[in-house]
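K.L.:
Kindly generate the corresponding structure for this input.
(2 chains)
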Amino acid sequence: MSILQTIETGLRSLLGHRLRSVLTTLGILFGVAAVIATVGIGQASSDSVTARITSLGTNLLTVSPGSTVFGGVFGGGASANSLTMRDVAGLSDRQNAPDISAVAPVSQGRVSLVSTSSNWSTTLSGSTPDWLIANARSMSSGTFITSADVSTSAQVIVLGATTASNLGAGVGDLITVKQIPFQVIGILASTGSQGFGNQDDLAVVPLTTAQDELIGGVGTVQRILLSATSSANLGTAYAEANQILLQTHGITNPSQADFSITSQTQVLSTAQAVTQTLTILLASVAAISLLVGGIGVMNIMLVSVTERTSEIGLRKALGATPGDLFRQFVIEAGALTAVGGLLGVATGLAAGYIVPRTANIAVTITPAPIAIAVAVAVVVGLVFGVYPALRAARLAPIEALRAQ
Amino acid sequence: MSVGVAPEQEPLIRLESISKLYGSGDAQVAALRNFSLRVAQGELLAVMGPSGSGKSTLMNILGCLDSPTSGRYWFAGEDVSRLSETQLAHVRNRRIGFVFQQFQLLPKLSAWRNVELPLLYRNASDRRSLAVHALETVGLGNRIEHRPTQLSGGQQQRVAIARALVTDPDLILADEPTGNLDTAASREVLAVLRDLNQGGRTVIVITHDPEVAPIARRTVHVRDGQLVQQKAA
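P.N.:
Residues are numbered from 1 along each chain as shown, chains lettered A, B, ... in the order given. Okay, here's the model as predicted:
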């Protein structure tokens, strides 16, 4: 029997059992669609985490005090008040640190801001003008704090976009923090980030003001943000900062350092590893549903072989070889999974279009998972089609003819 | 017309000491024992016998649907008793047309699609015209697009005969062709078989219907797996 005839015969028999064929196809359809959609969601969340961390500044190095890693265990961060304004001065020395362009000491705390119309709880940082450069931020209105503000402990405050709108405050307004009045001198441009770690919900005051009146800790800082001159110089900037801090702290053995320096790229790779693990987990669950769909195909093909025993017997009597029948049943199984796979791609793409618009979950569709899901579906169909097809091919014609 | 086997000519069918055993050990049953038979080209042979006599086994062996346990079977001079399943499929497709008691038509296919089936397994072209011609031969030229369920029993069996005929086989092997038919339809079907034989085709009818014997040129009886009597009609 020619292959075209075999395909035609197989398709005719599938069309003869429309409901059953459709239901079997559904199993594969949802498996493929689930793989595409879940990988798409994982891809999108990985992209968004990457974008969010990158928006924090890829040139950024963060110096934290007193965290040590002992025997592979993180030994508690920022427990010591080991970072001082002397460190800040040392790091600001362009002679010793030519690859560091900005040094922003930060003292941070959680405070409640009160405006004339409402109040809002947010993260308040005391810092210096370099904060803006180190965090790669810009102003949408007003000005950032100046060196003069820092040296005079001025009662001025800069607000994030979200904070400002929640307080209903604009440039020039007065708000109070711990019953001390502050004048709003600027609003930061929005980064567009949302949810946990919102970079638009914050407030910045001069470092000295924060230390004197709001957070405390005169002379020490919680963190120092460093900006390398470019992301290519991040490594040398790191080495310079490390050398300067070891010197000012009088430490000769680098393994005993009472500070640590982390870069955003380290945070980024950790975050990417986490989202990748989640994506694999989701995709595995989806792949199992695809496998279940494949077993459904085998189940239906076995039913079909049993039900059509007398037809198989007749075809054998009329001259169908075992090979003819094997090919016919494999093609039937393959056609079921191929159609299910293609409809699954369509459903997956539709989900990729609808889900972001209804459920506020981002989905990024890429070609690779589509190709893999379809290939897996077809392979699954053929593999699970082989056993029923072999049963059909091996039926003895007389036994098969006798079955009614 | 000559009757029986012409000794100087190779017969279409030659069974030599065919045995067919089922089961093993104490449970072993011989469906056929040392069975020998010759059928000449152009014969119309009736094989009769009660249920359990070995008729069905004989039909399976003659139709190359099953291989004998021992003995040899020559079909048109070729030893077919030791062929592989695929080779037997080719012999069935090219040389034998089957007619079954249950008609064995595929209900979803029209008459001509049913008749076309054996042609699909030999890559024949112009299948439709061959199928229509075969249906005309059995008097159903006006029923080619009908489904089996739209036809009477006698008509269905004639479609089955057209299917057996369409490949122009050496042998038409009919297994109880009238078993599911009323008297009038039986006569109709037997008349078609007789006409085919008169056109020169070899026909073997396996039956226990005594109506068949009169149209046969020779009748053999099978009992307990053995040939008990040969009678020329």
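
K.L.:
Which residue would you name as the spatial centre of chain A?
P.N.:
residue A:46 (2.1 Å; Cα atoms, centre = their mean).

K.L.:
no, scratch that, I was asking about chain B
P.N.:
residue B:173 (0.6 Å).

K.L.:
tell me the phi and psi of that one?
P.N.:
phi -110, psi 110 (degrees, to the nearest 10).

K.L.:
Does the residue of the stretch 301-404 of chain A at minimum distance from chain B belong to a helix, a strand or coil?
P.N.:
The minimum distance from the stretch 301-404 of chain A to chain B, using Cβ to the nearest Cβ, falls at residue A:319 (2.3 Å). (Glycine included, C-beta is placed from N, CA and C.) Using DSSP: H, G, I helix; E, B strand; the rest coil, the structure places residue A:319 in coil.

K.L.:
now do the same end-to-end measure for stretch A:50-65.
P.N.:
26 Å (Cα to Cα, to the nearest Å).

K.L.:
Could you pull up the mean pLDDT of that stretch?
P.N.:
Per-region confidence: stretch A:50-65 scores 77 on mean pLDDT.

K.L.:
Same check on stretch A:341-358?
P.N.:
Per-residue scores along stretch A:341-358 average to 90.

K.L.:
Can you tell me what sits against it?
P.N.:
Stretch A:341-358 is contacted from outside by A:25, A:28-37, A:40-41, A:361-365, A:370, A:373-374, A:377-378, using Cβ atoms under 8 Å, 6 or more residues apart in numbering or on different chains.

K.L.:
on that earlier part again, quick one: is whatever helix or strand the residue nearest to the centre of chain A lives in near chain B?
P.N.:
Using DSSP states H and E, residue A:46 sits in helix A:18-55. No - Helix A:18-55 lies out of reach of chain B by Cβ under 8 Å from any Cβ of the partner chain, never closer than 11.5 Å.

K.L.:
what lines up beside the next helix or strand after that helix in the sheet?
P.N.:
Downstream of helix A:18-55, the next assigned helix or strand under DSSP H and E is strand A:60-65. When pairing is defined by DSSP bridges, strand A:60-65 lines up against strand A:223-228 (antiparallel), strand A:259-263 (antiparallel).

K.L.:
do the helix or strand following the shortest one and chain B meet?
P.N.:
Scanning forward in sequence from strand A:259-263 by DSSP H and E, the next helix or strand is helix A:264-307. No - using Cβ under 8 Å from any Cβ, helix A:264-307 stays clear of chain B, with a minimum separation of 12.6 Å.

K.L.:
separation between residue A:168 and chain B?
P.N.:
If you measure residue A:168 against chain B using Cβ to the nearest Cβ, to the nearest Å, the figure is 74 Å.

K.L.:
just checking, that residue touches residue A:117?
P.N.:
Yes - the pair residue A:168 and residue A:117 passes the contact test of Cβ atoms under 8 Å, sitting 4.4 Å apart.

K.L.:
Which one's more surrounded, these two?
P.N.:
residue A:168 (13 against 10; other Cβ atoms under 10 Å in any protein chain shown).

K.L.:
need the contact list for that one.
P.N.:
Residue A:168 touches A:115, A:116, A:117, A:118, counting by Cβ under 8 Å, 6+ apart.

K.L.:
Out of those residues, who's the most crowded?
P.N.:
Counting by other Cβ under 10 Å, top hit in the contacts of residue A:168: residue A:115 with 19 neighbours.

K.L.:
Name all residues that make contact with the nearest residue to that residue once chain neighbours are set aside.
P.N.:
Distance criterion Cβ to Cβ, 6 or more residues apart in numbering or on different chains; nearest residue to residue A:115, sequence neighbours excluded, is residue A:167 at 4.2 Å. Each residue near residue A:167 by Cβ under 8 Å, 6+ apart is listed here: A:113, A:115, A:117, A:118, A:119, A:120, A:159, A:175.
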